[in-house]
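[1] Structure, please.
(chains A and B)
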2 protein chains.
Amino acid sequence: MVSIDDVAKRAGVSTATVSRVLNGTGYVSEETEIKVLKAVKELGYVPHVSAKTLARKKIFSVAVVISQRIKELIQSDVGIFYKIILDAIENTAGIYKISLDILLLDEVLQGKHHKYDGYILVGSDASEEEIEKISKNGKVVLVDHYIDGLRIDSIVSDGYDGIFYITKKFIGSGFNRIIHIHGPLKYYGFRDRYNGYVTAMTKFGKLPITFEYDDLHEEIDSVLRRALRDGVPEVIICSNDPIAIRVLHKLQDWGYDVPGDVSIVGFDDIPAAEKEGLSTMRVQKVELGINAVKRINEILSKQSIHPYKQCIYTTYVKRNSSVI
Amino acid sequence: MVSIDDVAKRAGVSTATVSRVLNGTGYVSEETEIKVLKAVKELGYVPHVSAKTLARKKIFSVAVVISQRIKELIQSDVGIFYKIILDAIENTAGIYKISLDILLLDEVLQGKHHKYDGYILVGSDASEEEIEKISKNGKVVLVDHYIDGLRIDSIVSDGYDGIFYITKKFIGSGFNRIIHIHGPLKYYGFRDRYNGYVTAMTKFGKLPITFEYDDLHEEIDSVLRRALRDGVPEVIICSNDPIAIRVLHKLQDWGYDVPGDVSIVGFDDIPAAEKEGLSTMRVQKVELGINAVKRINEILSKQSIHPYKQCIYTTYVKRNSSVI
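    Numbering: from 1, shown residues only, chains lettered A, B, ... in the order given. Prediction:
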């Protein structure tokens, strides 16, 4: 039988770290988390799972479904967010006696594959009708996606809570001019984070000041010029890391001292954030993947069937772009 | 060893029903759910739990903490909502080797009790500072309560999703004049449901028409008169059952045919809703309790520590007060 020591050795970390990863404490870097889960998969290590899962002979078949867009993203650097989630799903599945295939959304919809016991849909490209169609074939868990009123199990990151947290943190430390630069509000994720900022500012008697930035149709210059018109803000909270990094670079080009003149905070914690020294709210991507596997296992083994949305709280990672 | 048949016999139901309750399908009445969980507790029946829990010698001590206000409510009919949650917690704890005490919030804050491994705080009376204080003594799970940005595990009912669902359902069936009568929006629960109504109406191109009703400071008459001024609505969606029942009685007093003239839908599914034949969105109270116990067990046995908010979807219960 494979022990936790074997996993630690293979991953080149301590057993305490393996244990932290498998227990979902998240106080390890994502890189390490991925390394540990990879070792778990390769060695076939089985940590604590339900007695029912251990006793179960049947292997559940689960399809991980992604869109063509996400498949292409994953092949570039931009898709690292989804790659981490997918890796976490792949490396955890064996623990729950789940066999996985990764399929394209269009092919699944066209009926090109046999039926699976369950489907984990990653990303927000599947429409309500498409999700309903797939849910006729097997149990569905959505990851990083939620549809109002559809009542399908979802595992998402709590953007509202994360941006509320960081806005409140700056307000509590005496900062006043805190602005928010966000992506188009037609997207659920941006809207959710926007609401977190506005709610926090309003709650503590500050005026919310927001600027929409659509990276496909405009340059960050014009947005930033508008944002600086009334003086330099003390804090700029951005609705994701790519926006924050553009803001950071542009302000440095213009001769501002970050974080001396202004603190900048992103959201997601993509690898570029670490490289750029960007403070950010980390979306727990590995947990999104692990919890999706746990949830589909619970549903398929009928341990807890009533559906819910699980909103995983984010974690603040302070780096050099902010003073607190 | 106690079998599922023993539980079924003691509860006076079929084994299939016992299995449905323990698997959280929720397609049984709350009365039956409570009966089954009571039998589970009395007989010490242990269904599928994690191998780690089975192997564990230690019994976790958990305090269920309620305010004086909720304690008093439970002694009257109005508090049945909390009583069901508390019963579900009590009857499930043994399965997870958890010993329970029910304590008053004020006493816990005054340090009148020894420390517990974990705390399940039921209801929304504990303030942010109070929750933070308690979380210094042990792990905390909130039930029917959530605090922005505090990042403490919460199990809540998804009011936004539930009201979105029912509003969309009526719109999809061709209804047009759908109004919302809600409690004071300073309360998170009412605001959450209000947002579900407004989002659904707006999404499908209908004008949201809302009326606030504060049952402590005004009569339903004046609110309803305002609501009827432009004609009788086709559907009245209320933000809880007590409001819906008052609306139902008053409209019947005034000679309206419910649901012939107007459909009325509540939220919560309290016992009075069944008695009055009120259609309503059922809050899964038993699941709120069971899932809180499961979650504190996971946290205490370090199976999944990263905190999240679990929003349990509601279920539509159609009775005689609505045509669909």
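[2] In terms of residue numbering, what are the domains of chain A?
    A:1-48, A:159-282 (automatic domain parsing).
[3] can you redo the ones you listed as CSV with mean neighbour count and mean pLDDT?
    Yep, even glycine has a C-beta here, placed from its N, CA and C like the rest. Shown next, in CSV, are these (neighbours: other C-beta atoms under 10 Å in any protein chain shown; pLDDT from 0 to 100):
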stretch, mean neighbour count, mean pLDDT
domain A:1-48, 18, 80
domain A:159-282, 19, 95
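[4] Compare those and give me the one nearest B:Lys169.
    domain A:159-282 (21.0 Å; C-beta to C-beta).
[5] For the closest one, what is the distance to the chain centroid?
    Remark: domain A:159-282 is offset 18 Å from the chain centroid, using C-alpha atoms, centre = their mean, to the nearest Å.
[6] how about it against chain B, any contact?
    Yes: with C-beta under 8 Å from any C-beta of the partner chain as the criterion, chain B is reached by domain A:159-282 at A:Tyr160, A:Asp161, A:Phe164, A:Tyr165, A:Lys168, A:Gly196, A:Thr199, A:Ala200, A:Lys203.
[7] quick one: which of those is nearest B:Gln310?
    The closest of the residues of domain A:159-282 next to chain B, once distances to B:Gln310 are taken by C-beta to C-beta, is A:Asp161, at 13.0 Å.
[8] Tell me where chain A has strands.
    A:60-66, A:98-104, A:118-122, A:139-143, A:154-157, A:178-182, A:209-212, A:235-238, A:263-268, A:279-282, A:308-312, A:315-317 (DSSP state E).
[9] Save the ones you listed as a markdown table, and put in distance to A:Ser19 too.
    Listed next are these as a markdown table, based on distance: least, C-beta to C-beta, whole Å:
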| stretch | distance to A:Ser19 |
| --- | --- |
| strand A:60-66 | 26 |
| strand A:98-104 | 22 |
| strand A:118-122 | 25 |
| strand A:139-143 | 25 |
| strand A:154-157 | 23 |
| strand A:178-182 | 38 |
| strand A:209-212 | 42 |
| strand A:235-238 | 34 |
| strand A:263-268 | 27 |
| strand A:279-282 | 20 |
| strand A:308-312 | 20 |
| strand A:315-317 | 19 |
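[10] Can you check which of these gets nearest to B:Thr315?
    strand A:308-312 (11.8 Å).
[11] For A:Ile98, list each beta-bridge partner.
    Residues in a beta bridge with A:Ile98, per DSSP bridges, are A:Phe60.
[12] what does the model give it for pLDDT?
    A:Ile98 carries a pLDDT value of 95.
[13] Quick one: closest of the strands of chain A to B:Arg246.
    Among the strands of chain A, the nearest to B:Arg246 by C-beta to C-beta is strand A:308-312 (30.4 Å).
[14] So what touches the closest one?
    Counting by C-beta atoms under 8 Å, 6 or more residues apart in numbering or on different chains, strand A:308-312 makes contact with A:146, A:153-158, A:161, A:283-284, A:287-288, A:291, A:295, B:158, B:161, B:291, B:306-313, all of which sit outside it.
[15] go with 6 Å
    A:146, A:154-158, A:284, A:287, B:308-313 (C-beta atoms under 6 Å, 6 or more residues apart in numbering or on different chains).
[16] Any figure for the gap between A:Arg69 and B:Tyr96?
    42 Å (C-beta to C-beta, to the nearest Å).
[17] can I assume A:Ser263 is in contact with A:Arg319?
    No: using C-beta atoms under 6 Å, A:Ser263 is not in contact with A:Arg319; the gap is 10.8 Å.
[18] Can you give me the neighbour number for the residue lying closest to A:Pro271 once chain neighbours are set aside?
    Counting by C-beta to C-beta, 6 or more residues apart in numbering or on different chains, A:Pro271 lies nearest to A:Ile80, which is 5.8 Å off, once chain neighbours are set aside. A:Ile80: 17 surrounding residues under other C-beta atoms under 10 Å in any protein chain shown.
[19] just the one 10 residues further on next, same as before
    Close neighbours of A:Glu90, defined as other C-beta under 10 Å, add up to 17.
[20] Quick one: residues contacting it.
    Counting by C-beta under 6 Å, 6+ apart, A:Glu90 has no contacts.
[21] What separation do you get for A:Pro259 and chain B?
    Going from A:Pro259 to chain B by C-beta to the nearest C-beta, to the nearest Å gives 21 Å.
[22] right, and that residue touches A:Arg319 too?
    No: judged on C-beta under 6 Å, A:Pro259 makes no contact with A:Arg319 at a distance of 9.7 Å.
[23] Tell me the pLDDT of A:Glu72.
    93.
[24] mind checking how far it is from A:Lys83?
    For A:Glu72, the distance to A:Lys83 - C-beta to C-beta - is 12 Å.
[25] Check A:Arg226 too.
    Taking C-beta to C-beta, one finds A:Arg226 at 35 Å from A:Lys83.
[26] how about the strands of chain A, which one is nearest A:Leu37?
    strand A:98-104 (13.3 Å).
[27] which strands and helices sit next to the closest one?
    The criterion is 3 or more C-beta pairs under 6 Å, 6 or more residues apart in numbering or on different chains; DSSP states H and E, and the helices and strands that strand A:98-104 contacts are strand A:60-66.
[28] If you count contacts, what does the strand it packs on end up packed against?
    Against strand A:60-66 (3+ C-beta pairs under 6 Å, 6+ apart) you get strand A:98-104, strand A:118-122.
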